[in-house]
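Asks: what's the 3D shape of this:
(chains A and B)
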Amino acid sequence: MHMTRRQAIGLGVGAAALILAGPALTPALAAGPTADEAIKAFTGGAEAKAAKVSLSTPEIAENGNTVPISFSVESPMTSDDHVTEVMLLADGNPRPGVATFHFSDMSGEASASTRIRLAKTQNIVAVAKMSDGSFFMDKKLVKVTIGGCGG
Amino acid sequence: MFSRREFLQAAVATSAILGTAGTGAWRALAAGQGLMSEADLLKFPSMGNVSLVHLADIHAQLKPIYFREPSINVGVGEAKGLPPHVTGADFLKLYNIKPGSPEAYALSSEDYIALAGNYGRMGGIDRIATVLNSIRAERSDKVLFLDGGDTWQGSYTSLKTKGADMVEVMNSLKPDAMTAHWEFTYGIDRVKEIVDGLPFAFLGQNIFDNEWDEPAFPAMKMFERGGVKVAVIGQALPYLAIANPRWMFPRLSFGIREETLQQNVDAARTGGAELVVLLSHNGFDVDRKLAGRVSGIDVILTAHTHDALPEPVIVGKTLLIASGSHGKFISRVDLDVQDGAVKGYQYKLIPIFSDVITPDKETTALVDKVRAPFEKELGTVLGRTNSLLYRRGNFNGTFDDLICDALIEEREADIALSPGFRWGTTVLPDQDITVELLHNATSMTYPQAYRSEMTGKLIHDILEDVADNLFNPDPYYQQGGDMVRVGGMGYRIDVRKPIGSRITDMTLLKSGEKIDPAKTYVVSGWASVNEGTEGPPIWDVVSDYLKKKKKTISVEPNTSVIVEGV
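Replies: Predicted coordinates for the structure are as follows:
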């Protein structure tokens, strides 16, 4: 009934090439642009419609140091119509760039999971670039609390 | 003055065909008040082929208790003004309950002290057993008894036995399934030890191993009742790893996990379930939102926020049931399920008036047995109060005012913080404060009363953070619980504002000075979720304080929190 994480890796994540954001790999983000600037650079100014991308994040982070996030993008993933890249951003971190995932029509599906550190309550943004040059996005607020007194 | 056995009608019942929300049926019953007996309390217009019996948030209260419902329970966003965010006289008006009646006593804070004198304690697991036995005798193979969690924690004996007293007594009542919250504060090893020996299902579709992101406990169980296939899906408190110490169960992750829930509901339907029940510990507002977003759930048995509602709240085709806390009520829902759909229901929130319902002898004997090793300590008198000591309410409770006074005096602090728990029983004026009653308000596995220095800014940040857990307009960001209680400091709160700007005018009460963000204050509190917190257990702090007072204490009404935007 449940697809385990190991199975998920076998199916989806394993097929995507992951490039972590960082000075060595993505110099464009290393200089520290804001999330909006990074999105603009990624899309070349084109509008990213709020559709097709589904971000899955916890509503409230259980541990801000390692927050599990995953995304999937609706696409037939054919040679004519597939996702080429998905950029993940954390708009409230000192460096908003998280990672850019590269896909091809051989990827099978455009989905991936990772864990990120969040400095404070902020939005996670996923922007997908399609093979026809169009862009889609999703955004989710993740709350990072000081510590609860619930009960 | 009538005797406790000659009750006015306290049956709190409703019936309707699914989809017609409304208070009419219940109003008619409430209006027809007459003398009442145990038989009346148990009377129920049986229907259909399945009976769900729901108990939640008993917080280890085996014996009858006093518990005053909140006088303030602010709803925000879409929940503003809706049950359960209706209290006091407004609540009585909404449900057409006669002031002074048994149901007014059971369900509201109105005239609590006088009515407590008339109607006595509520709850008691042996009375609950009587009601359960009666339903089972009547409905035989149609009954599912479901425990919504917060069962093993909240009393002296549950702490001393690490939940074993509750497990033994609950096992004797033969629940069909449970879910959890405070259970996990005994630590993952203890939970596993107990769950391995449970003769029924421990469910949580949202409890995952955080390393592999795999389910850590079964999500659901299928039952057959009255010829109907019933799927019960468990949902533990989504915020366990935030609201309680994560280090006690470091490998677990929770969360609402809406998508997984939808998959589980769909799998239940595909697997032939004709009735899908969510045994939830989400809290009422979270469940209300969830009911509108996850399809295919027939009944959500809510818990966590301790709301007692005399009628179901209906969202789309989903019934939301709120069964109260501390053993004051159990809920019975009869459902007529035909061709895989609910055709009708009857509901009754059954108030457990301890003086009206005859205790079940076997259960009484079992309760006596598990308490016997501790009877001497339980009854030890620490002091006496001439004020009502209660906890529930969004901002203050006199029991927490007492705890804050003790923290300030015993720990030599400027400011005291007491967490906004919703568990803890009520002490009447001119009642002795015993070890048992103090533990009912403090019993937990991380009780250390810390003393530390905090800047004014940090104190403000903490208050803002907790306020957002309570007053975020999106229920999915609400953890449950009430506002952290503050001693030694006053403040103003505007619940409509966003995080960071709700709390203003923080004032140190002893000097009348405004709190300086840059200045350092000595703060004492308890129940920190941080590992390695040091200090004496909170019950020792309060106990020492009471012993030094050597006389009856009184707690004046707290006027230091000014609430706006309600």
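Asks: neighbours around the residue in the stretch 201-350 of chain B that chain A sits nearest to, how many?
Replies: When distances are taken as C-beta to the nearest C-beta, the stretch 201-350 of chain B reaches nearest to chain A at residue B:243, 3.0 Å away. Any C-beta I mention is one placed from the backbone N, CA and C, and that applies to glycine too. Taking other C-beta atoms under 10 Å in any protein chain shown as the criterion, the count of residues near residue B:243 is 27.
Asks: so it sits right up against residue B:478, yeah?
Replies: No. The criterion here is C-beta atoms under 8 Å, and residue B:243 misses it with residue B:478 at 10.7 Å.
Asks: what's residue 73 in contact with, if anything?
Replies: Chain wasn't specified; assuming chain A. A:52-54, A:83, A:86, A:110-111, A:128, A:136 (C-beta atoms under 8 Å, 6 or more residues apart in numbering or on different chains).
Asks: ah, I was thinking of chain B
Replies: Counting by C-beta under 8 Å, 6+ apart, residue B:73 has contacts B:84-87, B:393-394.
Asks: same thing but 7 Å
Replies: By C-beta atoms under 7 Å, 6 or more residues apart in numbering or on different chains, the contact list for residue B:73 reads B:84-85, B:87, B:394.
Asks: repeat for residue B:502
Replies: Contact analysis of residue B:502 by C-beta under 7 Å, 6+ apart lists B:464, B:467, B:471, B:493-495.
Asks: Against chain A, which of those make the cut? List them.
Replies: With C-beta under 7 Å from any C-beta of the partner chain as the criterion, the contacts of residue B:502 include none near chain A.
Asks: Convert stretch B:88-106 to CSV, retaining C-alpha atoms only.
Replies: This file holds the C-alpha atoms of stretch B:88-106, laid out as CSV (Å, rounded to 0.1, in the frame of the first residue of the first chain):
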residue,chain,number,x,y,z
GLY,B,88,-20.4,30.5,28.5
ALA,B,89,-23.8,32.0,28.1
ASP,B,90,-23.4,32.2,24.3
PHE,B,91,-22.8,28.4,24.3
LEU,B,92,-26.0,27.8,26.3
LYS,B,93,-27.9,30.1,24.0
LEU,B,94,-26.5,28.4,20.8
TYR,B,95,-27.6,25.0,22.0
ASN,B,96,-30.7,26.1,23.8
ILE,B,97,-29.5,24.8,27.2
LYS,B,98,-31.2,26.1,30.3
PRO,B,99,-28.9,27.9,32.6
GLY,B,100,-28.4,26.0,35.8
SER,B,101,-29.3,22.7,34.2
PRO,B,102,-27.1,19.6,34.4
GLU,B,103,-26.1,20.1,30.8
ALA,B,104,-25.2,23.7,31.5
TYR,B,105,-22.9,22.4,34.3
ALA,B,106,-21.4,19.7,32.1
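Asks: Spatially nearest residue to the residue most central in space within chain A, not counting backbone neighbours?
Replies: Residue closest to the average C-alpha location in chain A (C-alpha atoms, centre = their mean): residue A:88, at 3.1 Å. The shortest distance from residue A:88 to any non-neighbouring residue, by C-beta to C-beta, 6 or more residues apart in numbering or on different chains, is to residue A:98 (4.1 Å).
Asks: For the strand or helix carrying that neighbour, which helices and strands make contact with it?
Replies: When elements are assigned from DSSP states H and E, residue A:98 belongs to strand A:97-102. In this structure, strand A:97-102 makes packing contacts with strand A:17-20, strand A:83-90, strand A:110-116, judged by 3 or more C-beta pairs under 7 Å, 6 or more residues apart in numbering or on different chains; DSSP states H and E.
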